[in-house]
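*Asks:* When you get a sec, could you give me coordinates for this:
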Amino acid sequence: MKFNRAIPHIQAISFDLDDTLYDNGPIIHAAIKAQQDYLASIPEWAAQPGDFWRVCREEYAHLHPEIIEDVTQWRQKALLFGMQKLKVNDAVQHAKAAYLAFAKARSQINVSQDIIKLLSQLRKRYKVIAITNGNVDVSQFNLRDSFDLVLQAGPDGRAKPHNEMFDVAATRLSLPLNSILHVGDSLDTDVQGANNAGCSSVYLKLPNTKYGYQGLPDIEIDNVLELNALT
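*Replies:* Numbering: from 1, shown residues only. All right, here's what the predicted structure looks like:
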């Protein structure tokens with residue numbers, strides 16, 4: 001654990017989820033495949049080029065740029081947009097079913113017991129919350145009992161690095177922003193978001209990642225279990 005700056009008295013620790021508390025790569029790959037398998041069962045969709053989903057997603061975002069702040073709504077709306085472009089019968093039902101196939105696979109996560117224990121120990125001293133830009137449903141896997149609060153981009157504010165979810169966290173916890181320590185694997189979203197909001201930041205350094213943000217995290221770690229030092 002490397003300290004780049006002294007941090008103030010911490011009363012709450014917030015965590016990013018994907019790639020911070022578990023490896024999201026295989027999970028998102030399986031979820032995308034589940035969606036693709038469902039879409040392949042629809043003749044009109046199966047007849048399209050392989051990049052049709054990407055085109056629908058990008059086209060919908062071009063028409064509705066604000067949607068990128070809510071990845072769940074973006075996927076749901078883009079699926080319906082594609083169904084309607086193809087004039088698929090029962091477009092609404094098929095769009096919902098395709099998303100549900102994605103969401104079910106997206107929640108097939110088993111977080112290690114070392115992480116569960118870490119969060120449990122931290123909760124003895126701090127409020128422990130999650131602040132995520134992603135669309136994973138924490139209630140569907142074994143992190144369901146690990147947080148005092150879960151905030152998700154879209155329903156709870158614009159995606160990190162915007163300040164909004166940090167502001168919501170401070171309000172909901174009745175704590176000042178500078179008493180929140182945010183942990184995440186992205187300099188661009190997690191560290192930049194926390195720094196801009198007035199929170200302290202912990203950067204989980206992962207191999208083979210490049211970011212544009214040049215700001216400095218308060219703390220750098222190579223493994224999230226290094227946070228056992230705070231328990």
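*Asks:* Leaving out sequence neighbours, find the closest residue to the residue nearest the centre of the chain.
*Replies:* A centroid search over the chain (C-alpha atoms, centre = their mean) returns G134, at 2.7 Å, as the residue closest to the centre. With sequence-adjacent residues excluded and distances taken as C-beta to C-beta, 6 or more residues apart in numbering, G134 is closest to D18, at 4.8 Å. Yep, even glycine has a C-beta here, placed from its N, CA and C like the rest.
*Asks:* who's in contact with the one you found?
*Replies:* N24, I27, I28, T132, G134, V136 (C-beta atoms under 8 Å, 6 or more residues apart in numbering).
*Asks:* Give me the number of neighbouring residues for the closest residue to the fourth one other than its chain neighbours.
*Replies:* Computed as C-beta to C-beta, 6+ apart, the closest residue to T132 that is not its neighbour in sequence is L17, at 4.4 Å. L17 is flanked by 23 other residues according to other C-beta atoms under 10 Å.
*Asks:* Ok, D145 next?
*Replies:* Here the count is done by other C-beta under 10 Å, and D145 has 11 residues near it.
*Asks:* Could you report the distance from it to I131?
*Replies:* Distance from D145 to I131, counting by C-beta to C-beta, to the nearest Å: 18 Å.
*Asks:* tell me the contacts of W74?
*Replies:* Applying C-beta under 8 Å, 6+ apart, one finds that W74 lies in contact with R57, Y60, A61, I67, I68.
*Asks:* out of those residues, which are buried?
*Replies:* Among the contacts of W74, those buried by neighbour count (16 or more other C-beta atoms under 10 Å) are R57, Y60, I67.
*Asks:* Point out the ones among those residues that are inside helices.
*Replies:* When DSSP state H is applied, the buried ones among the contacts of W74 are split such that R57, Y60 fall in helices.
*Asks:* Turn the buried ones among the contacts of W74 into a markdown table, including pLDDT.
*Replies:* Compiled in a markdown table, these are given as follows (pLDDT from 0 to 100):
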| residue | pLDDT |
| --- | --- |
| R57 | 96 |
| Y60 | 97 |
| I67 | 94 |
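*Asks:* in the protein, which spans are strands?
*Replies:* Across the chain, reading from the start of the chain, the strands by DSSP state E fall at 2-3, 12-15, 127-132, 149-152, 180-184, 200-204, 219-221.
*Asks:* between those, which one is nearest to Q140?
*Replies:* Nearest to Q140 among the strands of the chain is strand 149-152; the distance by C-beta to C-beta comes to 11.9 Å.
*Asks:* Identify the residues contacting that closest one?
*Replies:* The set of residues that contact strand 149-152 without belonging to it, under C-beta under 8 Å, 6+ apart, is 72, 127, 129-132, 134-135, 138, 157, 165, 168-169, 172-173.
*Asks:* what's near enough to touch M1?
*Replies:* Taking C-beta under 8 Å, 6+ apart as the criterion, M1 is in contact with I219, E220, I221, E226, L227, A229.
*Asks:* can you rerun that using 7 Å?
*Replies:* I219, I221, E226, A229 (C-beta atoms under 7 Å, 6 or more residues apart in numbering).
*Asks:* Sounds good, over and out.
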